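A.B. asks: Quick one: sequence plus predicted model below, questions after.
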Amino acid sequence: MATGVQAVREMLRERGAVLLAHNYQRPEVQDAADFVGDSLELSLKAAEVDARVIVFAGVDFMAEQAALLNPGRVVLHPEPSARCPMASMLTPDVVRWYRGRYPKAPFVVYVNSLAEVKALADYVVTSANAAKLVAQLDSDVVLFGPDRHLAEYVAEVTGKEVIPVPESGHCPVHVVITREELEAARREHPRARVLAHPECVREVRRAADFVGSTSQMVRSAIELGGGEFIVATEVGLIHRLRRVGVEAYPASGYAVCVEMKKVTLRSIAESLASGRGVVRVDERVAARAREAISRSLEALGVVPPWSRS
Ligand code: 13P
Ligand code: SF4
């Protein structure tokens, strides 16, 4: 089977499919995609595209979210074993336990969580809008999971008490980026500015010129007038930045998400040829998760594409 970028593009066309890819995907997967973006953009795009089949190049929770927002469409996850380890750190039982302990606090979950958890949440946010949504809530105490570093960042920005659920949820890729590595990268590239993802530890976030989601980092680099940037996030973003003409260097060469890299052009071609990897979400769970996602977007002033007439 031919598995180059052009061959995959041809298979997508023949099957009336679109390929959505996350900013951390392999360079060649990004190059083959119809759209490359962050978690928020990909969720909205999945609900907007006019295609029979959506092929989702990313990890489990992203493909699952695309499926639950598109009950009538086929969503293919070419590599079902590509799973975000952080998403599995928050289970429905833990959500119920914290809800019982803090009955008045709204429960906000990060998009990096499974549908069953989203179905129990009041709000679902991404790294692009977490602080903005929490700032708007009518409560000074908020439960937030599963990333304790994003919870801490949201607390810093909003001044609210943001309780991490569970206490130690984290992204294993972002926590390996150290302040020392960042300083070494700065010495090597003295003119470069620093962009960081909020999943990074506090001392890395505080050393950054800009903190935001993966696509917000790309926009910020363009708005800052280009030049050189050190990026404190997964290394896949370097390709995304170079595609828009921004010179970028990793803060740490160890920040590689092996789960994201499991998706290849070959697995995409095989999934398109065989129909392998159809994502299924229990409809009752999906309906409750959709409600929490819609409530969150509406609170942020966004009319969800699935509610537009
Ligand atoms: P973004 O929504 O910022 O793209 O982040 C997704 C993710 O998995 C970060 O590790
Ligand atoms: Fe999950 Fe971290 Fe990989 Fe993002 S980079 S998918 S949070 S493990």
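C.D. replies: Ah, there it is. Ligands and ions are numbered 1, 2, ... in the order given.
A.B. asks: Residue 12 against residue 273, yeah?
C.D. replies: No: in this structure residue 12 lies outside contact range of residue 273 using Cβ atoms under 8 Å: 11.5 Å. Every C-beta, even on glycine, is put in place using the N, C-alpha and C of the backbone.
A.B. asks: Report the buried residues of the helix or strand bottoming out on mean pLDDT in the chain.
C.D. replies: In the chain, no helix or strand scores lower on mean pLDDT, DSSP states H and E than helix 39-48, which sits at a mean of 92. With burial defined by 16 or more other Cβ atoms under 10 Å, the residues of helix 39-48 counted as buried are 39, 40, 41, 42, 43, 44, 45, 46, 47.
A.B. asks: what does the stretch 201-309 of the chain put close to ligand 1?
C.D. replies: 213, 214 (Cβ under 6 Å from any ligand atom).
A.B. asks: Could you list the low-confidence segments of the stretch 201-309 of the chain?
C.D. replies: 309 (pLDDT under 70).
A.B. asks: Can you name the residues of the chain sitting close to ligand 2?
C.D. replies: Close to ligand 2, as judged by Cβ under 6 Å from any ligand atom, the chain has residues 59, 84, 85, 86, 112, 171, 172, 173, 234, 257, 259, 260.
A.B. asks: out of those, who's nearest residue 192?
C.D. replies: residue 234 (17.8 Å; Cβ to Cβ).
A.B. asks: List the residues that contact the closest residue to that closest one other than its chain neighbours.
C.D. replies: Using Cβ to Cβ, 6 or more residues apart in numbering and skipping the chain neighbours, the partner closest in space to residue 234 is residue 24 (4.4 Å). By Cβ atoms under 8 Å, 6 or more residues apart in numbering, the contact list for residue 24 reads 58, 214, 234, 235, 236, 237, 257, 260.
A.B. asks: For the third one, grab the count of nearby residues.
C.D. replies: It stands for residue 234. Residue 234: 25 surrounding residues under other Cβ atoms under 10 Å.
A.B. asks: my guess is it is in a strand, correct?
C.D. replies: No: per DSSP: H, G, I helix; E, B strand; the rest coil, residue 234 lies outside any strand segment and is coil.
A.B. asks: Verify the stated contact: it with residue 173.
C.D. replies: Yes: look at residue 234 against residue 173 with Cβ under 8 Å: they come within range, at 5.5 Å.
A.B. asks: Quickly list what's touching both of those two.
C.D. replies: 255, 256, 257.
A.B. asks: Turn those residues into a markdown table, including neighbour count.
C.D. replies: Formatted as a markdown table, the shared contacts of residue 234 and residue 173 follow (neighbours: other Cβ atoms under 10 Å):
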| residue | neighbour count |
| --- | --- |
| 255 | 25 |
| 256 | 16 |
| 257 | 22 |
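A.B. asks: any chance of these in a markdown table, plus secondary structure?
C.D. replies: Below are the shared contacts of residue 234 and residue 173 laid out as a markdown table (three-state DSSP):
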| residue | secondary structure |
| --- | --- |
| 255 | coil |
| 256 | coil |
| 257 | coil |
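A.B. asks: Helix or strand: which one has residue 19?
C.D. replies: strand 17-22 (DSSP states H and E).
A.B. asks: what are the ranges of the helices in the stretch 201-309 of the chain?
C.D. replies: Taking DSSP state H, counting those that start in this stretch as the test, the helices found in the stretch 201-309 of the chain are 202-206, 214-223, 236-243, 258-261, 265-274, 283-299.
A.B. asks: The stretch 1-150 of the chain now?
C.D. replies: 5-14, 27-32, 39-48, 60-68, 92-101, 115-118, 130-136, 148-158.
A.B. asks: which of the residues of the chain next to ligand 2 tops the neighbour count?
C.D. replies: That'd be residue 112 among those, by other Cβ under 10 Å, with 28 neighbours.
A.B. asks: ok, now how distant is the nearest residue to residue 22 once chain neighbours are set aside from residue 111?
C.D. replies: In space, and not counting its chain neighbours, residue 22 is closest to residue 58: 4.0 Å by Cβ to Cβ, 6+ apart. Residue 58 sits at a distance of 11 Å from residue 111 (criterion: Cβ to Cβ, to the nearest Å).
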